[in-house]
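> sequence and predicted structure are below.
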2 protein chains.
Amino acid sequence: MTTTEDGWRADAREEATDIDAFAQSDDPQMQRIVERIDTLRASIDNIDMAIVALLAERFKATAQVGALKARAGFAAADYAREEQQMQRLRLVAQGAGLDVEIAEQYREFVVTETKRRHRRIAEAGGDAGVLDVFA
Amino acid sequence: MTTTEDGWRADAREEATDIDAFAQSDDPQMQRIVERIDTLRASIDNIDMAIVALLAERFKATAQVGALKARAGFAAADYAREEQQMQRLRLVAQGAGLDVEIAEQYREFVVTETKRRHRRIAEAGGDAGVLDVFA
């Protein structure tokens, strides 16, 4: 965690540690720490797999919403809906023990991407087939 | 979906539609579209609830990783790990039918936020209790 002597490398890229390279350390305490990190990382990978699968379902659903919005002539944005989502996710985050700020960032990420796709569907005349999610 | 006449409003805020306001429409086709959107939105809300719960578990796990990294003197970043995650999530996205670009944006979002938190844990001397996720 010390700053490197060769300043240009620290400038070019932030400091990093290849933790798996410490798995063969002579220090048994270091070995135990690496093992515990590996175990936690395996759980994080499983969580990511579940989240990506859910995101796939989410974007399939929002692509259908996009096609319906385009058919009805609705705009991509719906601020009343966004306000409801924000309040709901804040409560869900508090209940689940997640920093509300992270839930807000998640919402921002999916809503921004979804609206971008809804505009693409509308520009293609309501054909959700333009989206890669259906490929 | 037409451009508004009063340009300043379009500049100030993108065009939007309050879809629920069309639920009482006289046009039965419009009513059916709003109903279908509402049904899809209920599923999207359930998916978001599941994802936020999983994000809570993810950040609990990464907070533990952060405390272990700080104890061992490891940096917040680990590019070997990030490369593995990227390749794995790309495969998972393809298998689940999710645009790989969205999976990459998700990874970017969680990894950036996690590293920011790992630096905060290290600055607090390895005490993960500084993070709101444990509050």
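Happy to help now that I have it.
> how about the residue sitting nearest the centre point of chain A: what's its closest non-neighbour residue?
In chain A, the centroid-proximal residue (C-alpha atoms, centre = their mean) is residue A:106; its distance is 6.3 Å. Nearest residue to residue A:106, sequence neighbours excluded (C-beta to C-beta, 6 or more residues apart in numbering or on different chains): residue B:55, at 6.3 Å. No exception for glycine: its C-beta is placed from N, CA and C like everyone else's.
> residue A:98 is in contact with that neighbour, correct?
Yes: the criterion here is C-beta atoms under 8 Å, and residue B:55 meets it with residue A:98 at 5.6 Å.
> pLDDT value on residue A:14, please?
Per-residue confidence (pLDDT) for residue A:14: 70.
> so for the longest helix along chain A, mean pLDDT?
Longest helix of chain A, by residue count under DSSP state H: helix A:28-72. For helix A:28-72, the mean pLDDT works out to 95.
> relative to helix B:28-72, how tilted is that helix?
Orientation check (axes from the mean of the first three to the mean of the last three C-alpha atoms, to 10 degrees): helix A:28-72 against helix B:28-72 gives 170 degrees.
> check which helices and strands helix A:28-72 sits against.
helix A:100-123, helix B:28-72, helix B:79-96, helix B:100-123 (3 or more C-beta pairs under 8 Å, 6 or more residues apart in numbering or on different chains; DSSP states H and E).
> residue A:77: which of those is closest?
In terms of C-beta to C-beta, the element of these nearest to residue A:77 is helix A:100-123, at 5.8 Å.
> quick check: buried residues in the closest one?
Within helix A:100-123, the residues that count as buried by 16 or more other C-beta atoms under 10 Å in any protein chain shown are A:102-103, A:106-107, A:109-111, A:113-115, A:117-122.
> repeat that for stretch A:26-44.
Using 16+ other C-beta under 10 Å as the test for burial, stretch A:26-44 gives A:30, A:33, A:34, A:36, A:37, A:40, A:41, A:43, A:44.
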